[in-house]
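Enquirer: prediction below, plus the sequence it came from.
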Amino acid sequence: MEGSNLNVALPQDIAYKRTLIVNVVLIGVQGSNDWVLVDTGMSGFADSIAEWAEERFPSGRARAIILTHGHFDHTGSVGELMNRWGVPVYAHKEEMPYLTGQADYPEADPEVGGGLMATVSPLYPHKGIDLGRRIRPLPDNGEIRELPGWEWIHTPGHTKGHTSLFRKLDRTLVAGDAFITVKQESLFAVITQDKEIHGPPAYFTPDWDSARESVKRLCALNPRIAITGHGVPLGNEELSRGLRSLAENFNRIALPKHGKYVHTGQ
């Protein structure tokens, strides 16, 4: 999906693609020699993502894959793509156990309610994966060598090592699931992509205290445009107003009334 198809114009070097229920992002000037992929979407979309990248960069090559976190819907095609392109994969150091086969994510919590996506969430994979020698921790200084001008920001809550990407020059934010622009717990909202600035997918968020602080941190950046893991990109006043409301009213807007992780902060 390109910026011209949206109600907000994306920077020329950014494009996103929806893979069933989750977005992946390409960063790189169209037609240039290289690019970076952020997240890899659902399993079964490797060919689709690769063809999309090849159309946008006919003579270019991938430089790296960056994972905002390791949940199944963000890493579904990572193995095929990293092998096809021969590139490193980066994630936060606290995400490493889940990407090296050492740990599993907490089980989904259907008690959060909100719709069918939450009800069936125990069926979603939560096991860790092992990416072997290709997975590398993001550098501690917040920089990304393959993405000059961008910084990564630790935004835990949804997962321990969740990260978002931010470019100060034009205040563009790739937020992952730190916040999203659709009510992901509802199948109807997911199908219609009804816009709503929302907290992270509740059924897979075990640390709500950290999630709240992460939203506040991103709001303080005053992003002009945000591409999130689920939902459509938002920008300008619509984004500023909605993100500010979420940060100031997080418990009312995002925090489930029920759930096994709601009061534990773990």
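Expert: Yes, it's here. Residues are numbered from 1 along each chain as shown.

Enquirer: let me see the ranges of the strands in this structure.
Expert: Using DSSP state E, the strands assigned to the chain run over residues 14-19, 22-27, 34-38, 61-66, 89-91, 135-137, 150-154, 163-167, 172-176, 225-228, 234-235.

Enquirer: pLDDT below threshold where in this structure?
Expert: For the chain, the stretches with pLDDT under 70 are 1-7, 264-266.

Enquirer: ok, which stretches of it are helices?
Expert: For the chain, the helices defined by DSSP state H cover 46-56, 72-75, 78-85, 96-99, 116-119, 187-192, 208-220, 236-248, 250-253.

Enquirer: show residues contacting the fourth one.
Expert: The contact list for helix 96-99 (CB atoms under 8 Å, 6 or more residues apart in numbering) reads 67, 70, 75, 89, 91, 102-105, 128-131, 135, 137, 159, 161. (Each C-beta comes from the backbone N, C-alpha and C, glycine too.)

Enquirer: which of those residues count as buried?
Expert: 67, 70, 75, 89, 91, 105, 128-129, 131, 135, 159, 161 (16 or more other CB atoms under 10 Å).

Enquirer: what two of these are the furthest from one another?
Expert: Greatest spacing in these, by CB to CB: 89 and 105 (17.4 Å).

Enquirer: beta-bridge partners for the residue sitting nearest the centre point of the chain, please?
Expert: For the chain, the residue sitting closest to the mean C-alpha position, by CA atoms, centre = their mean, is residue 176 at 2.0 Å. Beta-bridge pairing of residue 176 under DSSP bridges involves residue 228.

Enquirer: just checking, it touches residue 68?
Expert: Yes. The pair residue 176 and residue 68 passes the contact test of CB atoms under 8 Å, sitting 2.9 Å apart.

Enquirer: list residues touching both of these two?
Expert: By CB under 8 Å, 6+ apart, the residues touching both residue 176 and residue 68 are 39, 74, 162-164, 229.

Enquirer: which residues touch the residue nearest to residue 120 when sequence neighbours are not counted?
Expert: Nearest non-adjacent residue to residue 120, counting by CB to CB, 6 or more residues apart in numbering: residue 110, 7.5 Å away. Contact analysis of residue 110 by CB under 8 Å, 6+ apart lists 118-122, 203.

Enquirer: chain center to stretch 80-91: distance?
Expert: How far stretch 80-91 lies from its chain's middle: 17 Å, per CA atoms, centre = their mean, to the nearest Å.

Enquirer: what's the answer for stretch 224-234, then?
Expert: From the chain centre to the centre of stretch 224-234 is a distance of 10 Å (CA atoms, centre = their mean).

Enquirer: tell me the buried residues in it?
Expert: Within stretch 224-234, the residues scored as buried using 16+ other CB under 10 Å are 224-234.

Enquirer: look up how far residue 104 lies from the closest residue to residue 188 other than its chain neighbours.
Expert: Nearest residue to residue 188, sequence neighbours excluded (CB to CB, 6+ apart): residue 115, at 6.9 Å. To residue 104, residue 115 is 25 Å away according to CB to CB, to the nearest Å.

Enquirer: please apply the same query to residue 189.
Expert: Noted for residue 189: a distance of 28 Å to residue 104, by CB to CB.

Enquirer: one more: residue 124?
Expert: With the distance defined as CB to CB, residue 124 ends up 12 Å from residue 104.
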